[in-house]
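Student: sequence and predicted structure, then a few things I'm wondering about:
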Amino acid sequence: MKNAPKVSIIVPVYNVEPYLPRCLDSILNQTFAEFECILVDDCSPDNCPAICDEYARQDGRVQVIHKKQNEGLPMARKTGTGRARGEYIIHIDSDDWIESTMMEEMYQKITNDNLDMICCDYYEEFSNTIIKNRPSENVDATSKIKQLLAYKISHSLINRMVKKSIYEKVSFPVASYLEDFFVAVQLIYYSDRIDYIDKPFYHYRYNATSLSHNVNYTKRAIEYYDCIAWVTHFLQTKFDDVSVLDPELSNRVNKAKLVIILNKNERDVSKLFELYPRSNQFIFDKSSSFPFYHKILLFLATKKILFPLRLLDIFYVLRNKIKN
């Protein structure tokens, strides 16, 4: 494209050969044509690199970035975002697909209403359900972040069209787990005007072989804790008094602490006091989502009473032996 595109569509690609053509066809068959599609090949071991190159030969709106080493989904998205020329950016996963009018309707809404971000609903193909993503309108930064922390709005990136100038303020994590949440907190904080289209344009296909569904549980516990720790630090730098985000922030922090203490390989009681100590006051908050017995375990851990956790470790070992 000689002129700068209006929208940059970024598609990280890794080991999705059976699904990639449908994804790319759904993008190139959009009723809105003024976009660029940036395919970031993250050293995919299958035939995906060749498929990407073939689509680029067939359509000048497609460009391919072949990375020299595999760095994971967040870094692939960061690479594509850094190359984007459009005024607006949207991320699409390479094993999903989109409705033909998605770009047209979202672009019209975001430009006509002078928005920073426009969201839509999406289908979960494996459950045949529609996930609603309606954010509250005309609310301050505190209210927006509290809604996200409380799971009242989705933290997914795949159904958001966002101004490039907003993405330029965002940091991407290295770890893939909870990457969307890591980025979404920043996007929502920096976006003054957010709106919503009540249509499920996006089709999310559950991939049982993807990284997010096949991961070492110890590694996942570390990544979860590190993500929440980074987000908490980010919020502490942006709010004069971050306690205005409670109990929602404390509930998220306590979930991260719980994940750590339940994992015997990473159990470290000091983390209960290093990360936002105020959250320990909210362990029994009624709005927190984890079971009451987990709250008891977390509370006892803050008192350095660990024998119930050790008993739980023994129970899990015995249960696994019986299963095997």
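Tutor: Looks like it came in fine. Numbers count the residues shown, from 1 in each chain.

Student: return the helix or strand in this protein with minimum mean pLDDT.
Tutor: strand 129-131 (a mean of 79; mean pLDDT, DSSP states H and E).

Student: got a list of contacts for that strand?
Tutor: Residues from elsewhere that reach strand 129-131 (CB atoms under 8 Å, 6 or more residues apart in numbering): Asp121, Tyr122, Tyr123, Glu124, Ser154, Pro200, Tyr204. Where C-beta positions appear, they are placed from N, C-alpha and C, glycine not excepted.

Student: just the C-alphas of the next helix or strand after it, formatted as CSV.
Tutor: Heading C-terminal from strand 129-131, the first helix or strand you meet, by DSSP states H and E, is helix 141-149. The C-alpha trace of helix 141-149 is given here as CSV (Å, rounded to 0.1, in the frame of the first residue of the first chain):
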residue,chain,number,x,y,z
ALA,A,141,-9.8,5.8,35.4
THR,A,142,-10.5,4.4,38.9
SER,A,143,-13.8,2.9,37.9
LYS,A,144,-12.5,1.5,34.6
ILE,A,145,-9.6,-0.3,36.3
LYS,A,146,-11.8,-1.6,39.1
GLN,A,147,-14.1,-3.1,36.5
LEU,A,148,-11.2,-4.9,34.8
LEU,A,149,-9.7,-6.1,38.1
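
Student: how does the chain divide into domains?
Tutor: Domains of the chain are assigned by automatic domain parsing as 7-211, 216-323.

Student: show me where the chain has its strands.
Tutor: Counting by DSSP state E, the chain has strands at residues 7-13, 35-41, 62-66, 88-91, 97-98, 117-124, 129-131, 160-163, 194-204.

Student: format those strands as CSV; extra columns: mean neighbour count.
Tutor: Converted to CSV, the strands of the chain look like this (neighbours: other CB atoms under 10 Å):
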stretch, mean neighbour count
strand 7-13, 26
strand 35-41, 24
strand 62-66, 18
strand 88-91, 26
strand 97-98, 22
strand 117-124, 21
strand 129-131, 13
strand 160-163, 25
strand 194-204, 18
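
Student: tell me which of these sits nearest to Ala141.
Tutor: With CB to CB as the criterion, Ala141 lies closest to strand 194-204 of these, at 10.9 Å.

Student: now the closest one against helix 141-149, angle please.
Tutor: 20 degrees (axes from the mean of the first three to the mean of the last three CA atoms, to 10 degrees).

Student: from the contact counts, what lies against strand 194-204?
Tutor: strand 97-98, helix 102-112, strand 117-124, strand 129-131 (3 or more CB pairs under 8 Å, 6 or more residues apart in numbering; DSSP states H and E).

Student: got JSON lines for the ones you listed, with distance to Arg160 too?
Tutor: Below are these laid out as JSON lines (distance: least, CB to CB, whole Å):
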{"stretch": "strand 97-98", "distance to Arg160": "13"}
{"stretch": "helix 102-112", "distance to Arg160": "9"}
{"stretch": "strand 117-124", "distance to Arg160": "5"}
{"stretch": "strand 129-131", "distance to Arg160": "13"}
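
Student: quick one: whichever helix in the chain runs longest to chain centroid distance?
Tutor: In the chain, taking DSSP state H as the definition, the longest helix is helix 217-238. Mean C-alpha position of helix 217-238 versus that of the full chain (CA atoms, centre = their mean, to the nearest Å) differs by 13 Å.

Student: mind listing what's buried in it?
Tutor: Using 16 or more other CB atoms under 10 Å as the test for burial, helix 217-238 gives 220-232, 234-235.

Student: residue ranges with poor pLDDT in the stretch 1-150 of the chain?
Tutor: Confidence mapping of the stretch 1-150 of the chain against pLDDT under 70 gives the ranges 1-2, 133-139.

Student: Gln144 and Ile188 touch, don't they?
Tutor: Let me fix one detail, which is that residue 144 is Lys and not Gln. Yes - contact criterion CB atoms under 8 Å: Lys144 and Ile188 qualify, at 5.1 Å.

Student: so how far is Leu312 from the residue nearest the centre of the chain?
Tutor: The residue lying closest to the centre of the chain (CA atoms, centre = their mean) is Asp180, at 1.3 Å. Asp180 sits at a distance of 30 Å from Leu312 (criterion: CB to CB, to the nearest Å).
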